[in-house]
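Chemist: what follows is a predicted structure for the sequence shown.
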Amino acid sequence: MTSPVHMSLFKEYNFAEDNQMKDHPNALEEGKKMLEAGDLPSAVLLFEAAVQQFPDSVEAWQLLGTSQAENEQDPQAISALKRCISLDPANSAALMALAVSYTNESYQAQACHALTMWIQNNPEYANLKGSPRQPENLRFASSFMSKELHEETTKLYIKAARQNTAPWWTLMFRLVLVFYSTYL
């Protein structure tokens, strides 16, 4: 069972208290430059400023989440990516990044839900049926992944791989996430 402390970690993003970039006039664009230059700490601060200035910016939340994940701050990444997905439930890049961060933090059930949402929101796999997953399924009632959830997610990805509409490695990576999460 996920503890109440862990449940509260992912509800809202915890912004840096002393962000000197908070009032930067072009935080999103400058953050992209810092990210490209490999300066993750500065990029994160600028993306934090961007989402505070524009709280409904899907791009800013996604970049904040993926930058936090790249900076090995998965709890912060999860919070930012969940916000991104609440604004754009079909954002496939954010769904995949969220699945990876959940896996890194040993939240197997939530990783499976995010992976299923990725399939369901991908036009290439619109014909595949899995149990409906919505952003609200990413809540933290439990991190336990049932055998049924694991099998259902695995079967869904195997069906997608058999369609052969995408390069094989993209689906294999996602399927590996499903299997990896069972051994954490």
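Modeler: All right, it came through fine.
Chemist: what secondary structure does the residue of the chain positioned farthest from its centre sit in?
Modeler: Distance from the centre of the chain peaks at Pro25, with 27.3 Å (C-alpha atoms, centre = their mean). Recorded secondary structure, Pro25: coil (DSSP: H, G, I helix; E, B strand; the rest coil).
Chemist: can you map out the helices along the chain?
Modeler: Secondary structure of the chain by DSSP state H: the helices cover 4-9, 27-37, 40-53, 58-70, 74-87, 92-104, 108-120, 147-163, 168-182.
Chemist: out of the ones you listed, deepest packed?
Modeler: For those, average neighbour numbers computed from mean count of other C-beta atoms under 10 Å are highest in helix 108-120, which has a mean of 26. C-betas here are computed from N, CA, C, even on glycine.
Chemist: what helices or strands is that helix leaning on?
Modeler: For helix 108-120, the elements it packs on are helix 92-104, helix 147-163, helix 168-182, judged by 3 or more C-beta pairs under 8 Å, 6 or more residues apart in numbering; DSSP states H and E.
Chemist: relative to helix 147-163, how tilted is that helix?
Modeler: Calculated by axes from the mean of the first three to the mean of the last three C-alpha atoms, to 10 degrees, helix 108-120 forms an angle of 30 degrees with helix 147-163.
Chemist: restricting to C-alpha, output helix 108-120 in PDB.
Modeler: Extracted in PDB, the C-alpha atoms of helix 108-120 (Å, rounded to 0.1, in the frame of the first residue of the first chain):
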ATOM      1  CA  GLN A 108       3.700  -0.200 -10.900                       C
ATOM      2  CA  ALA A 109      -0.100   0.100 -11.100                       C
ATOM      3  CA  GLN A 110       0.200   3.800 -12.000                       C
ATOM      4  CA  ALA A 111       2.800   3.000 -14.600                       C
ATOM      5  CA  CYS A 112       0.500   0.400 -16.200                       C
ATOM      6  CA  HIS A 113      -2.400   2.900 -16.200                       C
ATOM      7  CA  ALA A 114      -0.100   5.500 -17.900                       C
ATOM      8  CA  LEU A 115       1.100   3.000 -20.500                       C
ATOM      9  CA  THR A 116      -2.500   2.000 -21.300                       C
ATOM     10  CA  MET A 117      -3.500   5.600 -21.600                       C
ATOM     11  CA  TRP A 118      -0.600   6.100 -24.100                       C
ATOM     12  CA  ILE A 119      -2.000   3.200 -26.300                       C
ATOM     13  CA  GLN A 120      -5.600   4.500 -26.000                       C
END
